[in-house]
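>>> have a look; sequence and predicted model below, questions after that.
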Amino acid sequence: MNFKQEILSSDSIQPSKLETCFAQIKKEEKIALMPFIMAGDPDINTSAQILLRLQAEGADIIELGIPYSDPLADGPIIQLAASRALSAGTSPKAVLEMLSNLKEKLTIPIVLFTYSNPLLNCGMENFCCQAAKAGASGLVVPDLPLEEAEKLSSIAAESKLDLVLLVAPTTPLERMKKICSRSKGFTYLVSVTGVTGERSNLEDRVNFLVQKIKQFSSNPVAVGFGISDAKHVSQVREWGADGAIVGSALVKRIANASDKKAVDEAGDFCRELRKAAG
């Protein structure tokens with residue numbers, strides 16, 4: 001093995017920022033609080049302020065949506081947020097510039113939520129490189145088939161980004177096993193069949209799915225789609241999940257607030273969720 005190979009080998013075993021974050025949270029016997037917001041809703045400057053407030057109020061990881069005109073996995077609340085963000089002129093470039101400007105202040109991992117088309121339009125290599133430079137730690141691409149994910153995962157890894165893959169309640173067990181083994185950073189468990197959105201109750205099968213995924217992989221498991229309040233965060237924590245992703249409920253609060261109150265609404269809700277997450 002030559003020197004260059006030794007360096008590459010050493011780099012390959014270094015834990016990613018997401019892995020380090022989850023390991024620390026596990027030591028503290030907590031669950032990762034992972035709020036989702038749509039970048040650019042209501043505008044890019046407010047989004048920057050919300051990111052910093054969520055961090056200050058105890059968010060461990062933030063999932064940051066890049067607005068897209070055809071968000072197939074998203075329910076009406078997040079679809080409307082994406083539409084508002086696009087109307088405000090938010091582009092992938094603007095989102096990455098915002099992140100880059102926050103690099104000195106935003107220290108927790110940021111996972112970008114985007115779709116295949118924006119990635120292809122930017123070029124996968126270029127997008128991953130720019131996202132990493134801006135300070136992102138991972139990617140979630142909900143419409144990316146497993147077969148295509150291998151290519152993107154390799155490209156993302158070159159930029160030290162984790163490509164997080166999703167498991168749905170309808171995923172066959174053999175395919176679930178493959179997804180779990182190839183997901184990086186954590187495995188994203190979709191708690192419901194269908195799109196994102198608020199739910200009054202979580203289905204008991206989420207408990208079974210968390211346990212099954214943990215049999216397939218040592219990756220942390222984060223539950224999303226339908227996690228709407230502190231009660232839900234407590235529930236998935238009891239079920240053994242490592243993270244709780246709260247999206248539509250937070251996006252709705254931001255949307256219903258006046259522009260001047262949006263940051264405070266997001267912060268207050270995050271503080272409430274933090275208590276349930278430990």
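Now that the structure is in, tell me what you want to look at. Numbering: from 1, shown residues only.
>>> and the next helix or strand past the lowest-mean-pLDDT helix or strand in the chain?
Every helix and strand in the chain was compared by mean pLDDT, DSSP states H and E; the lowest is helix 3-12, with a mean of 40. Next along the chain after helix 3-12, taking DSSP states H and E as the criterion, comes helix 17-27.
>>> longest strand in the chain, please.
The residue-count maximum for a strand in the chain (DSSP state E) belongs to strand 32-38.
>>> tell me how many other residues surround Ala230.
Residues lying near Ala230 (other C-beta atoms under 10 Å) number 17. All C-beta atoms are positioned from the backbone trio N, CA, C, and that covers glycine.
>>> okay, it: pLDDT?
Ala230 is assigned 94 on the pLDDT scale.
>>> surely it is in contact with Arg271?
No. In this structure, Ala230 is not within contact of Arg271 by C-beta atoms under 8 Å, at 10.1 Å.
>>> rewinding a little: can I get the next helix or strand after the longest strand of the chain in CSV, CA atoms only?
Later in the chain than strand 32-38, the nearest helix or strand by DSSP H and E is helix 44-56. C-alpha atoms of helix 44-56 as CSV (Å, rounded to 0.1, in the frame of the first residue of the first chain):
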residue,chain,number,x,y,z
ILE,A,44,-34.5,32.8,2.1
ASN,A,45,-33.4,35.3,4.8
THR,A,46,-36.1,34.1,7.1
SER,A,47,-35.1,30.5,6.4
ALA,A,48,-31.5,31.4,7.5
GLN,A,49,-32.8,32.8,10.8
ILE,A,50,-35.0,29.8,11.4
LEU,A,51,-32.1,27.4,10.9
LEU,A,52,-30.1,29.2,13.5
ARG,A,53,-33.1,29.4,15.9
LEU,A,54,-33.7,25.6,15.5
GLN,A,55,-30.1,25.0,16.4
ALA,A,56,-30.3,27.2,19.4
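>>> what's the average pLDDT for the very next helix or strand once past helix 44-56?
Next helix or strand after helix 44-56 toward the C-terminus (DSSP H and E): strand 62-65. For strand 62-65, the mean pLDDT works out to 98.
>>> for strand 62-65, packing partners?
Packed against strand 62-65 by the contact rule (3 or more C-beta pairs under 8 Å, 6 or more residues apart in numbering; DSSP states H and E) you find strand 32-38, helix 44-56, helix 76-87, strand 110-113.
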